[in-house]
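Enquirer: I'll drop the sequence and a predicted model, then ask my questions.
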Amino acid sequence: MDSQHPPSPNSEQQTASRKQKRGIGGIGWAVVGVVFFGSLLAIGILPRLSQRSELQAAVKEASTIPSVKVFTPTRATASTKLELPGSIVALNQTTIYARSTGYLRRWYADIGDRVRAGQLLAEIDSPDTDQQVLQANAELVQAQANVSQSRANLAKGISDLKQARANLLIARQSWERWQFLVKQGAVAQQDTDTKYATYQANIANVEAAQNTVSSDSASVKAAEANAHASLANFQRNRVLQSYKKVTAPFAGVITSRNVNSGVLISAGNSSTSTSSSISTSNSNTSNTSLYTIAAYDKLNVNVNVPQSLSQSLQTGQTAQITVRELPQRVFTGKVVRTSNAIDPNTRTLLTQLEVRNSDATLRPGMYASVKFAINRNDPPFIVPDSALVVNGGGTQVAIVTNEKKVHYQKVTVGRDYGTEVEITSGLTENESLIATPTVDEIEGLRVQPIVQTKTK
């Protein structure tokens, strides 16, 4: 039927129109789908792209800021050990001189001998001193005899004065009695005048006796003074005579003997031979320096303490003392005194310790190591020496501020332990210090701090 009746023109147009509408609808749905899925992709990809961009920017920025290792300073312990070199010296050392002139008869002690106080060391033959003692003794005996004679004269004068006073009393009473009798007419006036004259004569006798007693008393005082002077002179010569025996002034060790038997000894210490070194002398010439003696039971150790630690030492504080030659021995010393003044050349305080040496193990002149235990109320900070920067501005450390910028802080250095040093001022314990600053870390440079653990 269809083949017999071909389609009309209107029918073909409608068919074409339906095909066109059907085609447009498929494309539209495709476009909508593409747009939908594109939106989903955009929602998921764009944030990632943004984050990636920010991350790349951050990495780029971080790659331009240098990283530095930092640490926080810590304080040292309150108790610290201080080891200083010291010099051992004798507590008491002196050179013995002769006080008496003469020839050395004999000596009894030699170098290295331990002697006690008052022990006889040598004898001097001094005949001049012996004669002076005899002469002084004779003068003393004569002066004492003069005193006895003066006292006898004084006693006689006192007796005469008493007799004169008794005679005066009798004469006065007789004269007064005769005055009464002459008024009664019992005696003549001439007899009364005689009694009066006798009374006046006795008055003169009493005055003369008094003058004699005063003179004798003065003579006694003069004689006694002369006797005292003679006694003092005698005692002086006896003391000089006792110096013929030279004795040790204190217990110690003889470190020097400078004389031999027969040497002429001159009193005093004007001789130029005052050596204190251990030696013997075979010279026969004059030499007033006989011995040098040093006390060994107690010794002193002199130590120069740095100014920064001088306030930490107290009198009575103990310390350990060792010497290289005695590695197994540790001696205990006690601070007995200081010079109380800082040496302007070394900036140190001379400190003296006392150490017992009853067995004479230690010897004067030895080098010693002295270890103090010091308690500090305000302990310093400890930092590695690599953190220090020394330049024209002094000693400094590089600090990373809260704004992550480099700042150089001036500090004061205390004790140096080799790999570490003490910082006594300039830090507050809250800083972040660059462990190893370089020339690249200039003032104000922005850095990235990396905290590290400080090891000691």
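Expert: Cool, got the structure.
Enquirer: Provide a complete list of residue ranges assigned to helices in this protein.
Expert: All helices of the chain, identified by DSSP state H, fall at 9-64, 127-184, 189-242.
Enquirer: Any idea which of those helices has the lowest pLDDT on average?
Expert: Among the helices of the chain, helix 9-64 carries the lowest mean pLDDT, at a mean of 57.
Enquirer: To what extent is the spatially closest residue to residue 365 that is not a sequence neighbour buried, counted in neighbours?
Expert: In space, and not counting its chain neighbours, residue 365 is closest to residue 88: 6.6 Å by Cβ to Cβ, 6 or more residues apart in numbering. Any C-beta I mention is one placed from the backbone N, CA and C, and that applies to glycine too. Residues near residue 88, counting by other Cβ atoms under 10 Å, number 22.
Enquirer: same deal with the one 3 residues further on?
Expert: Using other Cβ under 10 Å, the number of residues around residue 91 comes to 19.
Enquirer: Can you verify my assumption that it contacts residue 354?
Expert: Yes: between residue 91 and residue 354 there is a contact at 7.1 Å, judged by Cβ atoms under 8 Å.
Enquirer: what touches both of the two?
Expert: Common neighbours of residue 91 and residue 354, using Cβ atoms under 8 Å, 6 or more residues apart in numbering, are 298-300.
Enquirer: In the protein, where's the longest strand?
Expert: Using DSSP state E, we find that the single longest strand of the chain is strand 326-343.
Enquirer: That one pairs with which strands?
Expert: Applying DSSP bridges, strand 326-343 is found paired with strand 318-323 (antiparallel), strand 348-356 (antiparallel).
Enquirer: Can you give me the pLDDT of the residue positioned nearest the centre of the chain?
Expert: By Cα atoms, centre = their mean, the chain has its centre lying nearest to residue 338, at 1.4 Å. Listed pLDDT for residue 338 reads 90.
Enquirer: What sits closest to it if chain neighbours are left out?
Expert: residue 351 (4.9 Å).
Enquirer: Do I have it right that the one you found meets residue 302?
Expert: Yes: at 7.5 Å, residue 351 and residue 302 qualify as touching, with contact defined as Cβ under 8 Å.
Enquirer: With neighbour numbers in mind, choose between the two.
Expert: Comparing residue 351 with residue 302 by neighbour count (other Cβ under 10 Å), the higher total belongs to residue 351, at 24 against 16.
Enquirer: so who does that one touch?
Expert: Going by Cβ under 8 Å, 6+ apart, residue 351 touches 302-305, 313, 335, 337-339.
Enquirer: In TSV, list these along with distance to residue 178.
Expert: Formatted as TSV, these follow (distance: Cβ to Cβ, whole Å):
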residue	distance to residue 178
302	99
303	103
304	104
305	104
313	101
335	98
337	92
338	96
339	95
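Enquirer: Going by neighbour count, which of the residues you listed comes out on top?
Expert: residue 303 (25 neighbours).
Enquirer: Okay, and the beta partners of that one?
Expert: On the basis of DSSP bridges, residue 303 is bridged to residue 86, residue 351.
Enquirer: what's the distance between it and residue 289?
Expert: Separation of residue 303 from residue 289 (Cβ to Cβ, to the nearest Å): 31 Å.
Enquirer: And residue 249, what's its pLDDT?
Expert: The model reports residue 249 with a pLDDT of 91.
Enquirer: Surely it is in contact with residue 96?
Expert: Yes: Residue 249 is within contact range of residue 96, at 7.1 Å (criterion: Cβ under 8 Å).
Enquirer: Need the overlap of contacts for those two.
Expert: Shared contacts of residue 249 and residue 96 (Cβ under 8 Å, 6+ apart): residue 293.
Enquirer: Looking only at neighbour counts, state which of those two leads.
Expert: For residue 249 versus residue 96, neighbours defined as other Cβ under 10 Å are more numerous around residue 96 (22 against 15).
Enquirer: quick one: contacts for that one?
Expert: Taking Cβ under 8 Å, 6+ apart, we find residue 96 in contact with 121, 246, 248-249, 289-293.
Enquirer: any idea how far it is from residue 132?
Expert: Distance, residue 96 to residue 132, by Cβ to Cβ: 23 Å.
Enquirer: swap in residue 334?
Expert: Counting by Cβ to Cβ, the gap from residue 334 to residue 132 is 49 Å.
Enquirer: Also residue 440?
Expert: As judged by Cβ to Cβ, residue 440 and residue 132 stand 93 Å apart.
Enquirer: quick one: which of these two has more around it?
Expert: Using other Cβ under 10 Å as the criterion, residue 440 and residue 132 rank with residue 132 on top: 18 against 10.
Enquirer: Is the more buried one in contact with residue 236, as I believe?
Expert: No: using Cβ under 8 Å, residue 132 is not in contact with residue 236; the gap is 9.0 Å.
Enquirer: Tell me how many other residues crowd residue 346.
Expert: If we define neighbours as other Cβ under 10 Å, then residue 346 has 11 of them.
Enquirer: wait, isn't it in contact with residue 304?
Expert: Yes: with contact defined as Cβ under 8 Å, residue 346 reaches residue 304; the gap is 6.2 Å.
Enquirer: which one of the contacts of residue 351 sits closest to residue 384?
Expert: Nearest to residue 384 out of the contacts of residue 351 is residue 305 (Cβ to Cβ; 26.0 Å).
Enquirer: these two touch, right, the closest one and residue 349?
Expert: Yes: contact criterion Cβ under 8 Å: residue 305 and residue 349 qualify, at 4.7 Å.
Enquirer: Of the contacts of residue 351, which is the nearest to residue 138?
Expert: When the contacts of residue 351 are ranked by distance to residue 138 (Cβ to Cβ), residue 337 comes first, at 52.1 Å.
Enquirer: need the contact list for the closest residue to that closest one other than its chain neighbours.
Expert: In space, not counting the residues next to it along the chain, residue 337 is nearest to residue 352; the distance is 5.1 Å by Cβ to Cβ, 6+ apart. Contact partners of residue 352, counting by Cβ under 8 Å, 6+ apart, are 300-303, 335-338.
Enquirer: Apply 7 Å and report the result again.
Expert: Counting by Cβ atoms under 7 Å, 6 or more residues apart in numbering, residue 352 touches 300, 302, 336-337.
Enquirer: distance of residue 77 from residue 71?
Expert: Computed as Cβ to Cβ, the residue 77 to residue 71 distance reads 18 Å.
Enquirer: Looking at these two now, which is surrounded by more residues?
Expert: Using other Cβ under 10 Å as the criterion, residue 77 and residue 71 rank with residue 71 on top: 19 against 11.
Enquirer: Identify the bridge partners of the more buried one.
Expert: Under the criterion used (DSSP bridges), residue 71 bridges to residue 433.
Enquirer: Do I have it right that it meets residue 434?
Expert: No: contact criterion Cβ atoms under 7 Å: residue 71 and residue 434 do not qualify, at 8.6 Å.
Enquirer: Residue 408: how many residues sit nearby?
Expert: Counted with other Cβ under 10 Å, residue 408 comes out at 19.
Enquirer: Can you tell me who it pairs with across the strands?
Expert: Counting by DSSP bridges, residue 408 is bridged to residue 398.
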